[in-house]
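In: Kindly generate the corresponding structure for this input.
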Amino acid sequence: MSQIRKVVIPVAGLGTRFLPATKAVPKEMLPVVDTPAIQYVVEEAVAAGLTDVLMITGRNKGAIEDHFDDVAELTAALEAKGDADRIARVRRSTELADVHFVRQGAPLGLGHAVGRAREHVGGEAFAVQLGDDLIDSANPLLPDMIATQEHLGGSVIALMEVPREQISLYGSAVVEPADPVPGTTFPVHRVTGLVEKPAPEEAPSTLAAIGRYVLHPAVFDVLDRTAPGHGGEIQLTDALATLAGMPASEGGGVHGVVFSGKRYDTGDRLDYLKAVVQLALERPDLGPPLREWLAEHLAE
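Out: Residues are numbered from 1 along each chain as shown. A predicted model of the protein is given here:
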């Protein structure tokens, strides 16, 4: 059984791509069918054995804390109606994991947000999930990443092939072949370099770093001495590039797990809509009537 139990989820972003919906509602609380996007992320972590969750929050994110808290009056109202199904769904978010919160304090980038987890994480390896990325539960990614970190040490990032014209939205990885990791599904590469959001013609590859990481605690010292990079922010990608060149004895070395399952970027409006439709189609209570309506609508 894995010894990694802690996961850090940065949720301090403003969600400007979804304005005006996110003017008063955190983007992580936008519903994907009838469940907030952030709950899918926590459920993914729990399914991989990560039950100690630290969320790095900011202003106007109180709704996230409320969602993972108990709401006695709501439960009482549902009990009075005898609605056991909805009671179970309400309680699920409260009982999922041990969820903690800490403020980022300043919008200084993903690297800065991860650095705020040092006191909670301590000297353990830990996972990081970005709240914008939903990974389809049919093709779990975190278990392979955890197994890779425990087998090879250092840090592990999730990689995915993207069209070259889209690589400027991601960190681009320079990789070399690596031996397979026993018991895993997805290919593993050794990462020798990372470039944050390069121009398509300058990108070293079309392997993009997506929002899943399993990090050695050496990352904290590296982040402390990482200067602001792209966008004037402290980039986790820059810290990982440094770790890739460090010796294993100092917590260095980075490997990439190349994911080929379904992923939705719920920070993108079109991908968000795709996620809603896809997950609704998979639901036995919604899928059949929605599929029928879609067929009729598209025929028109």
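
In: make it CA atoms for all contacts and neighbour counts henceforth
Out: OK.

In: Helices of the stretch 201-300 of the chain, start to end?
Out: Assigned by DSSP state H, counting those that start in this stretch, the helices in the stretch 201-300 of the chain fall at 219-224, 236-244, 269-281, 287-299.

In: which one of the ones you listed lies closest to Val191?
Out: Closest of the helices of the stretch 201-300 of the chain to Val191 is helix 236-244, at 6.5 Å (criterion: Cα to Cα).

In: that older thread, got a markdown table for the helices of the stretch 201-300 of the chain, with distance to Gln149 too?
Out: Compiled in a markdown table, the helices of the stretch 201-300 of the chain are given as follows (distance: least, Cα to Cα, whole Å):
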| stretch | distance to Gln149 |
| --- | --- |
| helix 219-224 | 14 |
| helix 236-244 | 14 |
| helix 269-281 | 29 |
| helix 287-299 | 38 |
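
In: just the ones you listed: most buried one?
Out: A comparison of the helices of the stretch 201-300 of the chain by mean neighbour count, using mean count of other Cα atoms under 10 Å, puts helix 236-244 on top with a mean of 23.

In: Residues touching that one, excluding its own?
Out: For helix 236-244, the external contacting residues (Cα atoms under 8 Å, 6 or more residues apart in numbering) are 110-112, 114, 155, 171, 191-196, 219, 222-223, 226, 229, 251-254.

In: Out of the helices of the stretch 201-300 of the chain, which gets nearest to Lys23?
Out: Counting by Cα to Cα, Lys23 lies closest to helix 269-281 out of these; the figure is 15.4 Å.

In: thinking Leu194 is in contact with Ile157, fair?
Out: No: contact criterion Cα atoms under 8 Å: Leu194 and Ile157 do not qualify, at 10.8 Å.

In: Comparing the two, which shows the higher neighbour count?
Out: The residue with more neighbours, out of Leu194 and Ile157, is Ile157; 29 against 25, by other Cα atoms under 10 Å.

In: on that earlier part again, can you add mean pLDDT and distance to Ser93 and give the helices of the stretch 201-300 of the chain back as JSON lines?
Out: Formatted as JSON lines, those follow (pLDDT from 0 to 100; distance: least, Cα to Cα, whole Å):
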{"stretch": "helix 219-224", "mean pLDDT": "96", "distance to Ser93": "30"}
{"stretch": "helix 236-244", "mean pLDDT": "92", "distance to Ser93": "29"}
{"stretch": "helix 269-281", "mean pLDDT": "93", "distance to Ser93": "18"}
{"stretch": "helix 287-299", "mean pLDDT": "95", "distance to Ser93": "23"}
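
In: which stretches of the stretch 51-200 of the chain form strands?
Out: Secondary structure of the stretch 51-200 of the chain by DSSP state E, counting those that start in this stretch: the strands cover 52-57, 98-103, 126-129, 133-135, 155-161, 171-177, 188-196.

In: neighbouring strands for the fifth one, and are they parallel or not?
Out: Looking at strand 155-161 with DSSP bridges, its partner strands are strand 207-215 (antiparallel), strand 254-258 (parallel).
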